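Enquirer: Quick one, structure for this:
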Amino acid sequence: MRVGIEVGGTFTDLVAIGPDGIVVTKVPSVPKAPDEGAFNALVASGIPIGTIDDLAHGSTVATNAVLERKGFPTAFVTTKGFRDILALQRHGRSQIYDLEYQKPVPVVTRAASFEVAERMLADGSVLDVLDEGDVAARLVPALRDGGYEAVAICLLNSYVNPAHERRLAELLAEALPGVHITISSDITREFREFERASTTTLSAYVQPVIDRYIARFRQRLAGAGFQGRFSVMQSNGGRLPAEAMRANAINALLSGPAAGVMGAVRQTGRSDYKNLVTLDIGGTSTDVCVVTGGVPQLTQEFSLDGLPIRIPLLDINTIGAGGGSIIWVDDGGMLRVGPHSAGADPGPACYGRGGTLPTLTDAHVIRGTVRPEAFLGGRMQIDAAASARALKPIADRFGMSLEAAADSAVALANANIVRAIQLISTERGHDPRDYVLVPYGGAGPLHAAQVAGELGIGTIVVPPSAGIISAYGLIASDFVLFESLTRRAPADRTAADTLRDVFATMRERALTRAEDAGLGQKVQLTLTAEMRFVGQAFEVPVTFEEREIKRITADGVRKRFGDAHQRVFFFGGEADKPIEFVSFRLGLAAPLQELPLLTETATRTTKETAIRLHDDKRWHDGRLRSRASMKPRDRVRGPALLEDPTSTLYVPPGWIARRDENDNTVLERA
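Expert: A predicted model of the protein is given here:
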């Protein structure tokens, strides 16, 4: 019995796959106690908790702790003379024309930043040894008096030689029992001091949050008789055993969206779709990602609330356009959708929980693309009249009918989604027309056809039970960990030897970590080199499989870099300029022995029914059908709604839907 539980902003989803088939459950999230919502999903599913062998979990706990500044008191310790690195940041501005622009606020204040006497040079040699006497006499009392529950240590050039960091961590752990100590060389061994310091402080800031969250959830599970394997999803698209995650909390960021991408990759891969643009529209946000050749794109350039994070994570672009996104009018009189959300409490007006502001879900109710009697498979009551009352002031302001105002809101949300996809596709050298769109989440299939039309995408693939694909991705993901290392070296005639030398060093360290985490011996290794032309200020990732590293030549390395640079910047493939290695990232994956099979679950609606839908400024006569009632190769012409208990798929006029042999629903232009 395998169970995945994903805590979203509005709903907590559960999918269980075992000998008796598939169990799908959605319950409202509990924002103030996410572990309670996760456990509620287990109880609602009716699964005997003692029968679960593999439980995978993903949540937004770490992300919310940063966004809401609800981490624990954290201190920052760095080399003498660099106390202000978190405040100085970089000279760039994200909003260059804002006269009142302010830099992002760090999670650690200047008063909580401390210095130690030591100095490591860029080549790893010691200029000044760590002053242990000063640590004991000055630093330890200051940290103790400050009442800090976490300490982030980021010493200058420790990515080359972490000896001082490790010794300082030993001293503080001995003097301050119970305080969480995080060192940068365990989080990211890469250069660029501010980015490394920011990543380390964020990891330390959320470490106690994740520790206590996992401990509470484990205690609930143990009390209910759970004895199986408990793992947590990472933002890089792989799982880690919960105990290992408690030592590296920064990897818990974006775990839910990452699980959705992996679930989409696994399910659509059964139908041999390898190039995907994933579209996850939930209750609070929309997450999009590009998958090429069955492999999601990774990035190390990510920021949360303006603060940079330098760890490998899936290249997911998130915008505030979910089912709960609020429809409003700005000061200039323009209609807007999001980024603010009604969330799970009170939620959209139609939920009947006290919400009075119109949301995207309310717009769909008015258009007829969400049927009140079928929401969540009929398990949740929806008040259509409340949707009308909430949207009426906006419709009146623009002199529109309710349906026209709802259409406008949906069209505006679609435009925002299209722009989000362009940022990670067209602007990264990927033509969306070469990909299929894979929508999921509660609202993803509702918007998919219009979004695909704007991007020129001709095929849409909707997984079965699309509303719980993130929960499915939790149990369909491999166990993964990453090692990073900065080593600047010329990529000349010795490039292949450098590659093999770095790989051997990182491989040994990664295998040791994998053994400590209990991941087993059957692992797959992939090395990614961050490379650039000498003189550039940015790098291009170039990936090498383990089997390639053994036989690749220096010319092969250069060609691989040239091809990657050409794809992104449209030059470099023929350039005869010196290039260099900057840093390396080694990925280790322990693949699943058997992939759980996801199929379409039954729904109450089985017979085709005539319905009315409002789209593109007019009403349409359409048809209603359940996805479970469709047989392979059945065809349904739009306009139509295809329902399952977790989501609704809208097939507009001009599109045809069919179900393939793997229970994926494929939409193509008529």
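
Enquirer: going forward, measure contacts and count neighbours with C-alpha atoms only.
Expert: OK.

Enquirer: Could you verify my assumption that residue 84 touches residue 110?
Expert: Yes - counting by Cα atoms under 8 Å, residue 84 sits close enough to residue 110 to count as a contact (6.9 Å).

Enquirer: avg pLDDT for the helix or strand in which residue 26 is found?
Expert: Per DSSP states H and E, residue 26 falls inside strand 21-28. Across strand 21-28, pLDDT averages out at 86.

Enquirer: what's the offset of it from the middle of its chain?
Expert: Using Cα atoms, centre = their mean, to the nearest Å, the mean C-alpha position of strand 21-28 is found 22 Å from that of the whole chain.

Enquirer: what does that strand contact?
Expert: Contacts made with strand 21-28 from outside it, assessed by Cα atoms under 8 Å, 6 or more residues apart in numbering, are listed as 10-17, 37, 40-41, 44-45, 344, 376, 468, 598-599, 601, 646.

Enquirer: same thing but at 7 Å, please
Expert: Outside strand 21-28, the residues that touch it by Cα atoms under 7 Å, 6 or more residues apart in numbering are 10-17, 41, 45, 344.

Enquirer: try stretch 504-516
Expert: Outside of stretch 504-516, the residues within contact range by Cα under 7 Å, 6+ apart are 483, 586, 588.

Enquirer: if you set the cut-off to 8 Å instead, what comes out?
Expert: If you take Cα under 8 Å, 6+ apart as the criterion, stretch 504-516 is touched by 481-484, 520-521, 525, 586, 588.

Enquirer: Using PDB, write down the CA coordinates of it.
Expert: Output in PDB follows, covering the C-alpha atoms of stretch 504-516 (Å, rounded to 0.1, in the frame of the first residue of the first chain):
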ATOM      1  CA  ALA A 504      35.100  10.600  -9.000                       C
ATOM      2  CA  THR A 505      35.400  13.100  -6.000                       C
ATOM      3  CA  MET A 506      31.700  14.000  -6.000                       C
ATOM      4  CA  ARG A 507      30.600  10.400  -6.600                       C
ATOM      5  CA  GLU A 508      32.300   9.100  -3.400                       C
ATOM      6  CA  ARG A 509      30.700  11.800  -1.300                       C
ATOM      7  CA  ALA A 510      27.300  11.300  -2.800                       C
ATOM      8  CA  LEU A 511      27.400   7.500  -2.300                       C
ATOM      9  CA  THR A 512      28.300   8.000   1.400                       C
ATOM     10  CA  ARG A 513      25.300  10.300   1.800                       C
ATOM     11  CA  ALA A 514      23.100   7.900   0.000                       C
ATOM     12  CA  GLU A 515      24.200   5.100   2.300                       C
ATOM     13  CA  ASP A 516      23.600   7.200   5.400                       C
END
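
Enquirer: Return the distance of that stretch from the chain's centre.
Expert: Computed by Cα atoms, centre = their mean, the separation of stretch 504-516 from the middle of its chain amounts to 25 Å.

Enquirer: What residues of it count as buried?
Expert: For stretch 504-516, a neighbour-count test (16 or more other Cα atoms under 10 Å) marks 506-507, 510-511, 513-514 as buried.

Enquirer: what's the answer for stretch 449-460, then?
Expert: By neighbour count with 16+ other Cα under 10 Å, stretch 449-460 contains the buried residues 449-452, 455, 457-460.

Enquirer: What average pLDDT does stretch 185-192 get?
Expert: Over the span of stretch 185-192, the pLDDT mean works out to 88.

Enquirer: Kindly apply the preceding question to stretch 343-354 instead.
Expert: If you average the per-residue pLDDT over stretch 343-354, you get 83.

Enquirer: Equivalent analysis for stretch 127-134, please.
Expert: In this model, stretch 127-134 carries a mean pLDDT of 94.

Enquirer: for stretch 184-191, the distance to its chain's centre please.
Expert: Shown here is stretch 184-191, whose average C-alpha point lies 21 Å from the average C-alpha point of the whole chain (Cα atoms, centre = their mean).

Enquirer: For it, give me every contacting residue.
Expert: Contacts of stretch 184-191 with the rest of the structure, by Cα under 8 Å, 6+ apart, involve 152-155, 157-160, 162, 165, 196-197, 199-200, 203, 248, 310-311, 483-486, 583.
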